[in-house]
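> Fold the following and give me the result.
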Amino acid sequence: MTTPDDSGPDNLQALCNPLGLAPTPAQARNLNGFMTLLARWNGVYNLTAVRDPSAMQVQHLADCLAVIPALARHGPGGRLLDVGSGGGLPGVVIAIMLPGYDVTCVDAVGKKAAFVRQVAGDLGLKNLHAVHARVETLRTPPFGIVTSRAFASLVDFTALTEPLLADGGVWLAMKGQRPDAEFAALPGEVEVFHVEPLQVPQLDAQRCLVWMKLRKT
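Residues are numbered from 1 along each chain as shown. I've put the predicted structure just below:
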């Protein structure tokens, strides 16, 4: 359980420590600044159904921070696409914590893309970009990593974004329980090569990361 006092810098440290994360002072300011902007804009633009700032810290920020160690192990950086990013989750958190990644957030809702642009400007995140578009219409150089959080089934996620995946690139889907039924529905050319269970600090719920790639022909 969180309380209204659980949304400040002390709680940020409590969220990061179990994940082995040590944000710099600038990163900590940006993470807290992002949460402040999300709560402020949410009152007008309905970016997320979670309204309480302390609940946002756990259900959104901690949930997204939990993917950072996995991404850091994958590589120091590259081009990353966050599909159906909404209020910038996890794209903004990735851009803050892993500055070697050049992050593009795409969403079909204009006000959500506008919010991510505002965050990039206010926090000075030159490696964060936002595009208002349906992902299947996006025309851009390919990305080494394509990620999503609560966007679509794995079948739809991979089908819609395959043209945007670079040679040798990977998909990274944030899921709740292990989605075995979705695995079974994937086409033969998509390989699930790793399913990584996550322990999200202060969140009593199952989470996992699903890593996928195209099979070599």
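> use CA for all of it now, contacts and neighbours both
OK.
> how long is stretch 44-64 end to end?
One end of stretch 44-64 to the other measures 23 Å (C-alpha to C-alpha, to the nearest Å).
> And residue 30, how close does it get to residue 206?
27 Å.
> Which of those two has more residues huddled nearby?
Each of residue 30 and residue 206 has its neighbours counted (other C-alpha atoms under 10 Å); residue 30 has more, 22 against 13.
> Mean confidence (pLDDT) on the helix or strand where the more buried one lies, please.
Take DSSP states H and E as the rule and residue 30 turns out to sit in helix 25-45. What helix 25-45 shows for mean pLDDT is 93.
> For that helix, which outside residues touch it?
If you take C-alpha atoms under 8 Å, 6 or more residues apart in numbering as the criterion, helix 25-45 is touched by 8-9, 12, 47-48, 51-53, 56-57, 61, 87, 92-93, 96-97, 111, 115, 119, 123.
> so where do the strands sit in the chain?
For the chain, applying DSSP state E gives strands covering 78-83, 101-107, 128-132, 143-149, 165-175, 190-198, 207-214.
> which of the ones you listed sits most buried?
Compared across the strands of the chain, strand 101-107 shows the largest average neighbour count, a mean of 25 (mean count of other C-alpha atoms under 10 Å).
> In the sheet, which strands lie alongside that one, parallel or antiparallel?
strand 78-83 (parallel), strand 128-132 (parallel) (DSSP bridges).
> And it, how far out from the chain middle?
9 Å (C-alpha atoms, centre = their mean, to the nearest Å).
> now swap in stretch 40-49 and tell me
Counting by C-alpha atoms, centre = their mean, stretch 40-49 comes out at 18 Å from the chain centroid.
> Buried residues in it, which are they?
41, 42, 47, 48 (16 or more other C-alpha atoms under 10 Å).
> for stretch 173-182, same thing?
173, 174, 175, 178.
> Now that residue 201 has come up, it's in contact with residue 13, right?
No: using C-alpha atoms under 8 Å, residue 201 is not in contact with residue 13, being 10.7 Å away.
> Look at these two and report which has more neighbours.
residue 201 (20 against 14).
> Let me have the strands of the chain in a markdown table, extended by mean pLDDT.
Below are the strands of the chain laid out as a markdown table (pLDDT from 0 to 100):
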| stretch | mean pLDDT |
| --- | --- |
| strand 78-83 | 98 |
| strand 101-107 | 98 |
| strand 128-132 | 98 |
| strand 143-149 | 97 |
| strand 165-175 | 98 |
| strand 190-198 | 97 |
| strand 207-214 | 98 |
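> Any idea which of the ones you listed gets closest to residue 24?
strand 101-107 (16.6 Å; C-alpha to C-alpha).
> Look up the residues forming beta bridges with residue 128.
Residues in beta-bridge contact with residue 128 (DSSP bridges): residue 103.
> which non-adjacent residue is nearest residue 160?
Spatially, and ignoring its direct neighbours in sequence, residue 160 is nearest to residue 136 (5.5 Å; C-alpha to C-alpha, 6 or more residues apart in numbering).
> Among the buried residues of stretch 173-182, which one lies nearest to residue 20?
Out of the buried residues of stretch 173-182, the member with the shortest distance to residue 20 (by C-alpha to C-alpha) is residue 174, at 19.3 Å.
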